[in-house]
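>>> the following block contains a protein sequence and its predicted model.
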Amino acid sequence: MNRKAVHGDKTTKMAAAGLFAAMITVMTAYICHIPYGANGGYIHFGDALIYLAAVFLPRPYALAAAAIGGGAADLLTAPVWAPATVIIKMLIVLLFSANGERILTARNWAAPFIAAALSAAGYYVAEGVLFGTFISPALSLPGSLIQSGGSAVFFVALGAAFDRAHVKGKIQRMMKLQGSGRK
């Protein structure tokens, strides 16, 4: 592959990661953004887009999209959570696989539900550290699980529709995103 083609592929992947980051930010901060509890938390469906980024993009680009998108949403709405969000959102990306032309592989069926538990646990720990107690953060766990669980259901519904239309393979070929070499 010539140098110009390699640079073009990186540029395409960076642009795709940037688009995902922007969509994650908007979906998290503004669309279906429902505040809950006294801790500054909120319910949203932005994680569903993080999951999609994780199955469409090579891992480094998905990690960047999740961190930037989730972090930016928190900077716009609840800045105290931004550092924890960057870490938690990057961790949940690691659960998914971008291999193949299907979104809903066996691994990707389970990943959003494991991500829901990981996310809830991560925010529980973050809240405990931020507020100096691990008792009151337990009250935030139901909201965290509802938010993450809702994103999981939304992801599965989108994934099923996209798989029926063979969207992943078409987009990856168009953007030359296939061949990330990760599982």
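Right, received. Where do you want to start?
>>> run the chain-centre distance for the worst-scoring helix or strand of the chain on mean pLDDT.
The helix or strand of the chain with the poorest confidence is strand 42-43; it has a mean of 74 (mean pLDDT, DSSP states H and E). Centroid separation between strand 42-43 and its chain, computed with CA atoms, centre = their mean, to the nearest Å, is 15 Å.
>>> ok, now which ones touch the spatially most central residue of the chain?
Most central in the chain under CA atoms, centre = their mean is Ile50, positioned 1.9 Å from the mean C-alpha point. For Ile50, the contact set (CB atoms under 8 Å, 6 or more residues apart in numbering) comprises 24, 62, 65-66, 69-70, 89, 92-93, 151. (Each C-beta comes from the backbone N, C-alpha and C, glycine too.)
>>> burial count for Ile88?
Other residues lying near Ile88 total 23 when counted by other CB atoms under 10 Å.
>>> hmm, back to that, between the contacts of Ile50, which is nearest Ala116?
Ser151 (7.4 Å; CB to CB).
>>> who's in contact with the host helix or strand of the closest one?
According to DSSP states H and E, Ser151 maps onto helix 141-164. With contact meaning CB under 8 Å, 6+ apart, helix 141-164 is reached by 36-37, 41-48, 50-52, 55, 102-104, 108-109, 112-113, 115-117, 119-120, 123-124, 168.
>>> 7 Å - rerun?
For helix 141-164, the surrounding residues in contact (CB atoms under 7 Å, 6 or more residues apart in numbering) are 36-37, 41, 43-45, 47-48, 51-52, 102-104, 108, 112-113, 115-116, 119-120, 123-124, 168.
>>> how near is Gly143 to Met23?
Per CB to CB, to the nearest Å, Gly143 is found 23 Å from Met23.
>>> list only those of the contacts of helix 141-164 flagged as buried.
36-37, 41, 43-45, 47-48, 51-52, 103-104, 108, 112-113, 115-116, 119-120, 123-124, 168 (16 or more other CB atoms under 10 Å).
>>> quick one: list the elements packing against the host helix or strand of Met174.
Met174 belongs to helix 167-175 when assigned by DSSP H and E. Contacting helix 167-175 under the criterion 3 or more CB pairs under 7 Å, 6 or more residues apart in numbering; DSSP states H and E is no other helix or strand.
>>> and it, how far from the chain's centre?
With CA atoms, centre = their mean, you get 19 Å for helix 167-175.
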